[in-house]
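J.: no FASTA, just this:
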């Protein structure tokens with residue numbers, strides 16, 4: 001069978017997070033690994049009510065094949081959402097897809113040839129890494145700090161790629177409440193990013209699933225796409241603000257490129273699900289989506305605070321973490337003596353899961369980091385999971401230079 005596989009198939013690797021999901025099915029395991037929204041945050045009763053009304057008046061076309069670009073009315077909703085974020089666009093510049101992951105695949109197939117270089121943050125979203133690797137792209141990672149991708153490091157990566165003769169086309173990033181780090185790119189760096197893209201003839205792919213889930217009174221900085229209409233592909237989704245089972249995302253870009261992406265979708269899945277689109281549209285018109293976003297902000301901020309309080313209470317000295325201002329994730333830094341992939345084995349014995357850092361680094365580094373998700377688990381389990389992880393850290397086979405290995409307590 002192997003001899004029959006394509007070269008693309010030979011490069012495919014299983015998702016580390018999907019593999020962990022098999023362990024998460026164990027009722028004795030608390031998963032802080034998954035990145036899915038909490039079912040507690042779903043506007044379930046309101047969706048049931050809207051869905052019941054929709055079924056009663058369901059037009060036949062909601063069960064038909066849809067336009068490849070998606071429902072015109074829902075694309076208009078996407079336009080209004082983007083306008084509130086400072087992005088101006090026309091209907092012809094927007095396409096709906098079966099979730100953001102499908103959009104990543106379509107973009108990759110339209111833009112990337114084997115051997116082309118794609119620049120990413122480091123760390124970055126594992127789904128994007130898998131997508132671009134499946135297309136046999138060469139991934140170039142740029143380190144980030146608490147203000148997002150470091151522009152000085154980006155300049156060096158680009159210069160080195162030019163010297164090596166690499167074909168640079170695409171820069172992928174999640175600038176707001178990033179997955180996995182939770183970091184947000186500063187306004188100054190957003191402007192610098194556009195300047196670099198224009199100078200280097202790069203297209204930026206801005207993945208923005210979390211910007212509505214901010215915890216401060218003021219929303220985050222305007223998207224990178226608000227600064228340029230021709231250098232940025234802007235991708236967002238209804239998954240985190242309604243429910244991920246409604247597989248609908250929206251992509252905005254230059255009209256000529258969106259047209260080619262539409263052609264790629266025609267040869268792939270024809271269109272996003274028409275029934276999903278109709279339900280989302282009804283949820284928007286009825287005000288459910290707006291209320292869901294407001295409630296989600298409050299809910300996930302409480303979840304974050306529970307996790308941060310647990311880290312403060314249980315973690316030994318020498319472990320550090322960020323304070324995310326939105327989204328789903330806390331990024332944890334370990335002492336260099338602790339390998340997060342080895343730590344995971346001990347954590348599983350303690351009944352808790354997380355995602356080791358190396359899965360998010362295109363160069364395989366990050367062994368002293370890990371990602372914790374605070375979105376999914378109920379507060380009690382969230383706290384228990386952090387306590388169990390702290391126990392795994394203390395049981396880790398440490399050199400005597402680490403304080404708690406000497407019996408000291410934080």
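T.: Good, I have the coordinates. Worth saying up front: this structure is predicted, and the values here are computed from it rather than measured.

J.: tally of neighbours for residue 196?
T.: Around residue 196 there are 17 other residues, counting by other C-beta atoms under 10 Å. Every C-beta, even on glycine, is put in place using the N, C-alpha and C of the backbone.

J.: Which parts of the stretch 151-300 of the chain are strands?
T.: Secondary structure of the stretch 151-300 of the chain by DSSP state E, counting those that start in this stretch: the strands cover 168-173, 203-207, 232-237, 249-252.

J.: Ok, which of those strands comes nearest residue 48?
T.: With C-beta to C-beta, the closest approach to residue 48 among the strands of the stretch 151-300 of the chain belongs to strand 232-237: 21.9 Å.

J.: Strand partners (parallel or antiparallel) of the closest one?
T.: strand 203-207 (parallel), strand 249-252 (antiparallel) (DSSP bridges).

J.: picking that back up, between the strands of the stretch 151-300 of the chain, which gets nearest to residue 318?
T.: strand 168-173 (30.0 Å).

J.: export the strands of the stretch 151-300 of the chain to a markdown table and tack on mean neighbour count, distance to residue 270 and mean pLDDT?
T.: Formatted as a markdown table, these follow (neighbours: other C-beta atoms under 10 Å; distance: least, C-beta to C-beta, whole Å; pLDDT from 0 to 100):
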| stretch | mean neighbour count | distance to residue 270 | mean pLDDT |
| --- | --- | --- | --- |
| strand 168-173 | 22 | 25 | 96 |
| strand 203-207 | 24 | 23 | 98 |
| strand 232-237 | 24 | 19 | 97 |
| strand 249-252 | 26 | 16 | 98 |
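
J.: can you redo the ones you listed as a markdown table with distance to residue 282?
T.: Below are the strands of the stretch 151-300 of the chain laid out as a markdown table (distance: least, C-beta to C-beta, whole Å):
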| stretch | distance to residue 282 |
| --- | --- |
| strand 168-173 | 33 |
| strand 203-207 | 27 |
| strand 232-237 | 18 |
| strand 249-252 | 17 |
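
J.: Tell me which of these sits nearest to residue 57.
T.: strand 249-252 (24.8 Å).

J.: still on that earlier bit, go through the strands paired with strand 232-237 and name the closest to residue 190.
T.: That would be strand 203-207 among these, by C-beta to C-beta, at 9.5 Å.

J.: Off-centre distance for the closest one?
T.: Between the centre of strand 203-207 and the centre of its chain there are 13 Å (C-alpha atoms, centre = their mean, to the nearest Å).

J.: Contacts only, for the residue nearest in space to the middle of the chain.
T.: Centroid-nearest residue in the chain, with C-alpha atoms, centre = their mean: residue 179, separated by 4.6 Å. If a contact means C-beta atoms under 8 Å, 6 or more residues apart in numbering, then residue 179 has 35, 124, 125, 209, 210, 327, 328, 329 as its contacts.

J.: what does residue 396 give?
T.: Residue 396 touches 338, 342, 343, 346, counting by C-beta under 8 Å, 6+ apart.

J.: Nearest to residue 279 among these?
T.: Using C-beta to C-beta, residue 343 is the member of the contacts of residue 396 that sits closest to residue 279, with 41.8 Å.

J.: for whichever strand or helix holds the closest one, packing partners?
T.: Per DSSP states H and E, residue 343 falls inside helix 340-349. Here helix 340-349 touches strand 355-356, strand 369-373, helix 379-395, going by 3 or more C-beta pairs under 8 Å, 6 or more residues apart in numbering; DSSP states H and E.

J.: And the contacts of that helix?
T.: Taking C-beta under 8 Å, 6+ apart as the rule, helix 340-349 contacts 23, 29, 334, 353-354, 356-358, 366-370, 388-389, 392-393, 395-396.

J.: What subset of those residues is buried?
T.: 29, 334, 353-354, 356-358, 366-370, 388-389, 392-393, 396 (16 or more other C-beta atoms under 10 Å).

J.: now residue 363, nearest residue through space, not along the chain?
T.: Distance criterion C-beta to C-beta, 6 or more residues apart in numbering; nearest residue to residue 363, sequence neighbours excluded, is residue 141 at 5.4 Å.

J.: can you check residue 170 too?
T.: residue 118 (4.9 Å).

J.: Pull the residues that contact the helix or strand containing the one you found.
T.: Secondary structure assignment for residue 118, by DSSP H and E: strand 117-122. Here strand 117-122 makes contact (C-beta under 8 Å, 6+ apart) with 112, 128-129, 132, 137-144, 148-149, 154, 157-158, 161, 166-174, 178, 181, 202, 360-363, 365-366.

J.: Report the strands that pair with whatever helix or strand comes next after the helix holding residue 343, each with its relative direction.
T.: Next helix or strand after helix 340-349 toward the C-terminus (DSSP H and E): strand 352-353. Take DSSP bridges as the rule and strand 352-353 pairs in its sheet with strand 30-31 (parallel).

J.: List the contacts of the partner strand.
T.: 20-21, 23-24, 351-353, 373, 376-377, 381-382, 384-385, 388.

J.: one step back: can you say which of the contacts of strand 117-122 are buried?
T.: 112, 128-129, 132, 137-142, 144, 148-149, 154, 157-158, 161, 168-174, 178, 181, 202, 360-362, 366.

J.: Quick check: pLDDT value at the residue nearest to residue 170.
T.: If you check residue 118, the pLDDT there is 98.

J.: hang on, residue 229 packs against residue 254?
T.: Yes. With contact defined as C-beta atoms under 8 Å, residue 229 counts as touching residue 254 (7.4 Å).

J.: Where does the prediction get shaky in the protein?
T.: In the predicted model, the chain carries pLDDT under 70 at residues 2-5, 10, 12, 14-18, 398-410.
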